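**Q** kindly return the folded structure for what I paste below:
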Amino acid sequence: MSVKQNDPPDNVVQLRAPKASKASERKWGKEVMDLGFCIVPSLLLRAQQRLGLNPTQLVVLMQLCDFWWDEARKPYPSKEKLSDRLGLSTRQIQRVIAELETAGLVKRIQRHHAGHGGKLSNIYDLSELVAKLKKLEPDFRDVEDEVKKARKSVAKRNYRKPKPKTSYKKAGA
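**A** From the prediction side, this is the model:
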């Protein structure tokens, strides 16, 4: 009996495989997922209009999120790196980040080299974006709950579509 490299030994019972990685690997392919992934709440995409984000601002935010690996370590990609990824000039990147800062979604924090004091790439604090998403969440949650309730009621036997409410005016009013 040959044992593959990733198989557990015969005396070990594997309880369950990690679901998230397997599901995403099935969906996107293992090779694609092996290059990394970024966790972004769907609310950021669904609330794009409510946040007043144009497509370029959204994609810059998404890129910043891709560099934010740990809650305590804020992202600090260079404008050149963002420019290369997005096909925008570094000046366009600066402009978009300034717009995001004006909108209260991103806060730029300057970094300087400890030895010679030269400028390094900015740190980008996304906590204001997080706070705005948390503030919007109840509105989106209410709609989500209403949809679930309606879907559940439609699935019941003897469901009848509610009659639309009409307003009647009294004669002479």
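**Q** need the helices for this structure, in chain order.
**A** In the chain, the helices defined using DSSP state H lie at 19-28, 30-34, 42-46, 48-51, 55-66, 79-86, 90-102, 127-155.
**Q** list the buried ones in the shortest one?
**A** Yep, that's helix 48-51 we're talking about. Under the neighbour-count criterion of 16 or more other C-beta atoms under 10 Å, helix 48-51 has residue 51 buried. (Each C-beta comes from the backbone N, C-alpha and C, glycine too.)
**Q** got it, and stretch 58-77?
**A** 58-61, 63-68, 74-77.
**Q** may I have it exported as PDB, CA atoms only?
**A** Output of stretch 58-77 as PDB, limited to C-alpha atoms (Å, rounded to 0.1, in the frame of the first residue of the first chain):
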ATOM      1  CA  LEU A  58     -13.600  51.400  -4.600                       C
ATOM      2  CA  VAL A  59     -10.800  49.500  -6.400                       C
ATOM      3  CA  VAL A  60      -8.200  51.600  -4.500                       C
ATOM      4  CA  LEU A  61      -9.900  50.700  -1.200                       C
ATOM      5  CA  MET A  62     -10.000  47.000  -2.300                       C
ATOM      6  CA  GLN A  63      -6.200  47.200  -3.000                       C
ATOM      7  CA  LEU A  64      -5.600  48.700   0.400                       C
ATOM      8  CA  CYS A  65      -7.600  45.900   2.000                       C
ATOM      9  CA  ASP A  66      -5.400  43.300   0.200                       C
ATOM     10  CA  PHE A  67      -2.400  44.700   2.100                       C
ATOM     11  CA  TRP A  68      -4.200  44.700   5.400                       C
ATOM     12  CA  TRP A  69      -3.300  41.300   6.800                       C
ATOM     13  CA  ASP A  70      -3.500  41.900  10.500                       C
ATOM     14  CA  GLU A  71      -5.900  44.100  12.500                       C
ATOM     15  CA  ALA A  72      -3.000  45.700  14.400                       C
ATOM     16  CA  ARG A  73      -0.700  46.200  11.400                       C
ATOM     17  CA  LYS A  74      -2.200  48.800   9.100                       C
ATOM     18  CA  PRO A  75      -1.500  48.600   5.300                       C
ATOM     19  CA  TYR A  76       1.400  50.600   3.900                       C
ATOM     20  CA  PRO A  77       1.700  49.900   0.100                       C
END
